[in-house]
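Trainee: Need a 3D model of the sequence below.
(chains A and B)
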Amino acid sequence: MPPAKAAFYDVDGTLVKTNVVHVYAYYAMNRGSLLGMAGRTLGTAASLPLFGALDVVNRKVFNEFFYRYYAGLSEDRLITVAEDMFEDVLKPGLYEQSKDLIAEARRAGCRIVLVTGALDFTMRPLARYLGADELIANKMQFVGGKATGKVIPPIIEGANKANAIRDYCVKEGLSLAHCHGYSDSASDYAMLAIVGRPTAVNPDMRLRQLARAYNWPILDLK
Amino acid sequence: MRPIKTLQKLYDEESQVVITEKGSPPRALFFGENFLLEDLPVGTRVIFPRPPMAGVPNTKAAIRWAINHPEGMDPLHALLRPGMKLTCVIDDISVPLPPMVTPDVRQTILEVVLDLAADSGVDDIHLVIANALHRRMTEAEMKRMVGQKIYDAYYPDRYYNHDAEDPDGIVELERTSHQEVVAINRRVAESDLIVYVNVNFVPMNGGHKSMGTGVANYASLRSHHNPKTIRESDSYMEPKASALYKSNTRIGSVIDKHLKVFHIETTLNNRMFGAPLEFLAKKEEDYTEADRLKLQAALFALKHTPRAAARKIFNSVPAPYDVTGVFAGATEPTHAKTLEMSWKQYSVPVEGQSDIVIFPIPFISPYSVNSVLNPLLLQVMGLGYFFNLNRGVPLVKKGGVLILLHPAFDEFDPVQHPSYIEFFNRLLPETRDSMKLEHKYEREFAENPSYVHLYRKGNAYHGVHPFYMWYWGENGRQHVGKVIVAGAENNHVPALLGWDRTDTLTEAIEEARGFMGRSATISLLRIAPTLLADVKL
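Mentor: Numbering: from 1, shown residues only, chains lettered A, B, ... in the order given. Predicted coordinates:
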């Protein structure tokens, strides 16, 4: 009997042509009041260079900084908007071949797990749509039904993605060496390095170099 | 005194074999994307290909004659009915090598067949490339193969590559008497008539292998693409000595039982080089002054050309083959005619085996068209194909030495051969045992979703393909005592493949003589063009 295994997918840039900034921009646009919408949209636009710079320097700092923008939004509202956001942003942004890639992994007997630095409620509709068995994502802290802007640690990124994958494999009795990992970014190096079958998907320049050095397959999804 | 007739026969049989003497000219030998000019020891037997046979004067007429006078079947026009489902299955780009000057013979066949189908009111026609687990052909390659007109009319909806991993695209027929899975392309299986468009390059191709392998899937292929079957095949080129051929025959017979397949097979001569390089097909003894100058110019130019550029140039020079025969009809009688013609062109009678055999390896293989001859493909060229270019008996004695001339560079193409890279770097350091590789790793590679994706959506060979390449060298590996790669530019590639290396051919011959004894006999297969040594013991 072959060992139980899973395929772990990063989402932003790997399965979907978006990133967390797009997602937040959508929330900003749907703030409710005209003034709030304008304020947040402009604020987001003004902060883009900063986000970009922070992302390059440190994904963890970037995430912590970024999620502060959610402070004050109500949980119900966030979940409702997440459904719309999936239809308007994520679904059209899915690479055409993402579903095939997942179907191929399922045929090979893999469980499908999304591992993402995005917030869980924003990713749930996507996970449902792709038929994922599990979603490992960041969880927003809510107090009295309102988002605090803080993420419950550990923040899922970098080495923590790898830890979360390892914990999941231990919990579910999966063989890490037989698991597959997919990501587009060198910031997910740890996640790719921990699984036995890593693959770079539409990789950035650093990951492309790493993939070549380690002989990992490189996929270009369209 | 011998009668003239016997002398003539002797001349015909022996004229392709030259024994090197003192004062014999140096030989121009393929060395990857380069040539070496080498003096061989006195007494070395150099085996040359036959000169190209004359082609048929009018290919289209030959095709029309063949489909009107088929073997064991009604003429093609009698099989066509208005409203029927017709599928033309076409050999992929892995043959011939190098690709032929346009129009490719497949285009010519399709032009005749498609016109006939149109005249008969058949318009549900698909063209499927029988690429099996080979890479998908690119749009440009597909266009070149069938010509602009057919391409424009059929691509992409009705002219496409077979997809062995399409979950809805495969149909399983009944199993063979040996429980071999017979699973083929759904469109093909659901057609009223299949016309198989073949271009035959060596006797291993064509016949039942066309359908049994070309449009099958992994489950079907693994019943004969495995180390056990390869070990039981004494010769790939001779059907009766090949377990591989027998398995394909069992599978093909099941296909023939369920489907109506009309084969059109063609044979080519071995005119592999156009005017500028034509001298390469000659014996060096027959070189003119102009040939010698051309060779020197080629050597000078290649010395100053980066390897990648030389590769690009070589890949862009097509071969002016002529069609020597067209045969059509039922699988077995058609293929028997093809084999006969194929042997006529390629077979060179040779007396006895040799202790040491030298294979100069060129830049191209069936699996590296428009790509790189990576170390695993070098292995399959030496121990798989060249070793098997014979009838029944290998040219090299059991336990003898093979010398391959090639730089053995550590270069892989991540687009076409992604799973080869992992196979070479991860599996070979652990084991070179085919049985162990098959048992422990084959399925993992075959089912790896990344490799499946690259096969289906990119232009990559299937994840399992490097295993097949390794198995393909199996009976060569079991037979020879030692392999030396002369001119290898690094140590680790020969070491991983289990071979010795030397800097030069002279050193390799010295080492081989040290292994086999000072009186060891030496043969060199002066290839390309293709030849098959018909070894008589």
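Trainee: so what's residue 166 up against?
Mentor: I went with chain A, as the question did not name one. Taking CB atoms under 8 Å, 6 or more residues apart in numbering or on different chains as the definition of contact, the neighbours of A:Arg166 are A:176, A:194. Any C-beta I mention is one placed from the backbone N, CA and C, and that applies to glycine too.
Trainee: that's the wrong chain, I meant chain B
Mentor: So B:Asp166 contacts B:186, B:456 (CB under 8 Å, 6+ apart).
Trainee: Grab the most central residue of chain B for me.
Mentor: Taking CA atoms, centre = their mean, the centroid of chain B lies closest to B:Pro366, which sits 5.1 Å from it.
Trainee: is it true that that one touches B:Asp92?
Mentor: No: counting by CB atoms under 8 Å, no contact exists between B:Pro366 and B:Asp92, whose distance comes to 9.3 Å.
Trainee: Where in chain A is the helix or strand with the lowest mean pLDDT?
Mentor: helix A:34-57 (a mean of 54; mean pLDDT, DSSP states H and E).
Trainee: before we move on, the earlier item: what about the residue lying closest to the residue nearest to the centre of chain B once chain neighbours are set aside, how many residues nearby?
Mentor: The spatial neighbour of B:Pro366 that comes closest, neighbours along the chain excluded (CB to CB, 6 or more residues apart in numbering or on different chains), is B:Ser94 at 3.8 Å. Other residues within reach of B:Ser94 by the criterion other CB atoms under 10 Å in any protein chain shown amount to 20.
Trainee: quick one, strands of chain A?
Mentor: For chain A, the strands identified by DSSP state E occupy A:5-9, A:110-119, A:134-143, A:146-152, A:180-183, A:197-201, A:218-219, in order along the chain.
Trainee: TSV for these, including mean neighbour count and distance to chain B?
Mentor: As requested, the strands of chain A are arranged in TSV below (neighbours: other CB atoms under 10 Å in any protein chain shown; distance: least, CB to the nearest CB, whole Å):
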stretch	mean neighbour count	distance to chain B
strand A:5-9	26	6
strand A:110-119	24	7
strand A:134-143	17	17
strand A:146-152	17	31
strand A:180-183	29	6
strand A:197-201	26	4
strand A:218-219	22	6
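Trainee: how about those strands in TSV, adding distance to B:Ala488 and mean pLDDT?
Mentor: TSV is the format used below for the strands of chain A (distance: least, CB to CB, whole Å; pLDDT from 0 to 100):
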stretch	distance to B:Ala488	mean pLDDT
strand A:5-9	38	96
strand A:110-119	40	93
strand A:134-143	48	91
strand A:146-152	55	86
strand A:180-183	35	96
strand A:197-201	31	96
strand A:218-219	28	95
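Trainee: I'd like these laid out as JSON lines, including distance to B:Asn198.
Mentor: Conversion of those to JSON lines gives the following (distance: least, CB to CB, whole Å):
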{"stretch": "strand A:5-9", "distance to B:Asn198": "40"}
{"stretch": "strand A:110-119", "distance to B:Asn198": "39"}
{"stretch": "strand A:134-143", "distance to B:Asn198": "49"}
{"stretch": "strand A:146-152", "distance to B:Asn198": "63"}
{"stretch": "strand A:180-183", "distance to B:Asn198": "38"}
{"stretch": "strand A:197-201", "distance to B:Asn198": "37"}
{"stretch": "strand A:218-219", "distance to B:Asn198": "34"}
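Trainee: Adjacent strands (with direction) for the longest strand seen in chain B?
Mentor: Secondary structure of chain B per DSSP E: the longest strand is strand B:396-405. Taking DSSP bridges as the criterion, strand B:396-405 forms sheet pairs with strand B:354-360 (parallel), strand B:482-486 (parallel).
Trainee: All good on my end, thank you.
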